[in-house]
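Asks: coords please:
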Amino acid sequence: MTLSTPRTPRIAIAGMAIESSAYAAHRAGHRDFHRLTGDALVARYPFLAPGSPLRDAADWRGVFYARSIPGGAVETQVYEDYRERIVAGLAALHAQVRLDAVYLDVHGAMSVVGMGDAEGDLVTAVRAVIGPDVLVGATMDLHGNISPRFFELVDLPTCYRLAPHEDAWETRERAARNLVAQVREGVRPVRAWVKVPILLPGEKTSTRVEPARSLYASLADVERRDGVLDASIWIGYAWADEPRCHASVVVTGSDADVVAAEAEGIARHLWSVRADFAFVGPPGTLADGVAKALAATETPYLISDSGDNPGAGGSGDVTWTLTRLLAMPELTGADAPLVYVASIFDAGAVEELAAHAVGDEVSVEAGARVDSRVSGPVRITGTLASLTEGDPHAGRIAVIAVGGLRVIVTEFRKAFHAVEDFRALGLEPTTAQAIVTKIGYLEPTLYDIARGWTLALTPGPVDQDLERLGHSRIARPMFPFDTFDADPALLATVKA
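Replies: Now for the predicted structure:
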């Protein structure tokens, strides 16, 4: 479809991003989100810095953007508030300057209390005020989901090609560049979507290892073919429970036959290697990880408390792992090696600890205030090693020494996924025998320092054992929940 844009394209930026586990007791409220509007939102994107080619290629207008670390479902009133800010901002801007495109920055796995397909709802609301002719591009996480409504209403969806997501900004730039190009050329791309009945956790689909590494690497070759603009694979989000939770392939371009054929080919490739996906790190029990950590001669040894990973939607205050660590005399004795344990959040416990001075003996009950389904609050008795303030996410942070353990208790939710998270507390990661943190696959800086690693298969809201969670709303049959007597059709739906 040919459009007409005889002037500098006017592109609005908006979005709302969070990854929401259906199994987390946490509910995302206003405090969980960092918000940007206007010029501050445009400045968020390094490729839109003043004088950059993309900045000069269009008139970029920041509307409203809210982003949270992963967690539970968003409170209904919070979502409705942010949706209204986006919609009202777009409506006013469109009436003022006539927009050519909307750059939508979302995750793809947001859940809202009482709602299914949150991103579909958001883009429906956006379309209602900008109309059918304005192009919409969406930049997404590969752990997001594509629903029929989302596919129908978004012209240029694309997602990351690396997990961990070291290409996040590269993907956002690619999305912006493609959106500008299509507006300037006055065309609406053709897109093809194939739903693939696979639902796997991110720890089994990391691009650090095969088959995901080669699968995602092949997309660059696909998009260089005549008639193709972009190609993406969404592996989907395993810890939500909605019909849209499954893998998806979307290819966009100018030739309907080509994009359909390429999408179907990628989908068949994905399906053919489904049984080859395995954990990116050595899996094991928590006890396995501790034993290997204590025996390690090269350190630090990393242990992932994967069942309550805030980076995937965990509540962040599940105490199952900490309870067991505190019961191990080899970790709590006077001669025990140094082990960092991150973290649980409990505002009441931190308030109680703040009444003490560093060096005081303390005993506080903490954790499981939000998510007590796996284990209850745990008593931590030791020495207050430090108390810091001002963390933009965690607020006040206390570190309690219990033998060799350094237990981190935060006022609010925080993911300790980088070496700097520990160094900010005076805890040098490279001097520890082991680091136990609520994470799945290791993010880059922790991965770089790890001299050994156990992906501990702990229980929690993002349990790696999906069948233990009890999905009831996903489409069936679905791999690996079901067996297939024959391969699915894997035919593309094409939208021109």
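
Asks: Which helix or strand contains residue 387?
Replies: strand 378-391 (DSSP states H and E).

Asks: Now do the contacts for residue 230.
Replies: If you count contacts by Cβ atoms under 8 Å, 6 or more residues apart in numbering, residue 230 has them with 156, 158, 174, 178, 223, 251-253. Bear in mind the C-beta positions are built from the backbone N, C-alpha and C, glycine included.

Asks: So which bits of the strand holding residue 387 are buried?
Replies: 378, 380, 382, 384-387, 391 (16 or more other Cβ atoms under 10 Å).

Asks: for stretch 181-200, same thing?
Replies: For stretch 181-200, the neighbour count (16+ other Cβ under 10 Å) marks 182-183, 187-200 as buried.

Asks: Extract the C-alpha trace of the helix or strand where residue 35 lies and format it as CSV.
Replies: Element membership for residue 35, per DSSP H and E: strand 33-36. Only the C-alpha atoms of strand 33-36 are listed here, as CSV (Å, rounded to 0.1, in the frame of the first residue of the first chain):
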residue,chain,number,x,y,z
PHE,A,33,7.6,2.1,36.9
HIS,A,34,10.1,4.6,35.7
ARG,A,35,8.3,7.2,33.6
LEU,A,36,9.5,9.6,30.8
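
Asks: Would you list the strands that it pairs with, along with their directions?
Replies: strand 59-68 (antiparallel) (DSSP bridges).

Asks: I'd like the next helix or strand past the strand it pairs with.
Replies: Using DSSP H and E, the helix or strand that follows strand 59-68 in sequence is helix 76-97.

Asks: That next one packs against which elements?
Replies: Using 3 or more Cβ pairs under 8 Å, 6 or more residues apart in numbering; DSSP states H and E, the elements in contact with helix 76-97 are strand 10-17, strand 59-68, helix 118-130.

Asks: Need these in TSV (columns: distance to residue 482, mean pLDDT and mean neighbour count).
Replies: Converted to TSV, these look like this (distance: least, Cβ to Cβ, whole Å; pLDDT from 0 to 100; neighbours: other Cβ atoms under 10 Å):
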stretch	distance to residue 482	mean pLDDT	mean neighbour count
strand 10-17	31	98	25
strand 59-68	33	98	22
helix 118-130	25	98	21
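
Asks: quick one: the strands in the stretch 351-496 of the chain?
Replies: For the stretch 351-496 of the chain, the strands defined by DSSP state E, counting those that start in this stretch occupy 361-366, 378-391, 395-402, 405-410, 434-437, 453-456, 493-495.

Asks: returning to what we had before: for the contacts of residue 230, which one is nearest residue 276?
Replies: Nearest to residue 276 among those, counting by Cβ to Cβ, is residue 251 at 22.7 Å.

Asks: got the contact list for the helix or strand hosting that closest one?
Replies: Using DSSP H and E, residue 251 sits in strand 247-253. Outside of strand 247-253, the residues within contact range by Cβ under 8 Å, 6+ apart are 145-146, 151, 155-158, 178, 189-200, 222, 227-236, 259-260, 262-263, 266-267, 270.

Asks: repeat that with 7 Å
Replies: 146, 156-157, 189-196, 198, 222, 227-236, 259, 262-263, 266-267, 270 (Cβ atoms under 7 Å, 6 or more residues apart in numbering).

Asks: got it, and stretch 78-96?
Replies: The contact list for stretch 78-96, computed with Cβ under 7 Å, 6+ apart, reads 12, 14, 16, 28-30, 61, 63-64, 66, 99, 102, 112, 118, 122, 125-126, 129-130.

Asks: CA atoms only: put that stretch into CSV for me.
Replies: Output in CSV follows, covering the C-alpha atoms of stretch 78-96 (Å, rounded to 0.1, in the frame of the first residue of the first chain):
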residue,chain,number,x,y,z
VAL,A,78,-2.1,1.7,37.0
TYR,A,79,-2.4,0.3,33.5
GLU,A,80,-5.5,2.3,32.8
ASP,A,81,-3.8,5.5,34.0
TYR,A,82,-0.7,4.9,31.7
ARG,A,83,-2.9,3.8,28.8
GLU,A,84,-4.9,7.0,29.1
ARG,A,85,-1.7,9.1,29.2
ILE,A,86,-0.5,7.5,26.0
VAL,A,87,-3.8,7.8,24.3
ALA,A,88,-4.5,11.3,25.3
GLY,A,89,-1.0,12.4,24.4
LEU,A,90,-1.2,10.8,21.0
ALA,A,91,-4.7,12.2,20.3
ALA,A,92,-3.6,15.8,21.1
LEU,A,93,-0.4,15.5,19.1
HIS,A,94,-2.2,13.9,16.1
ALA,A,95,-4.7,16.7,16.1
GLN,A,96,-1.9,19.3,16.3
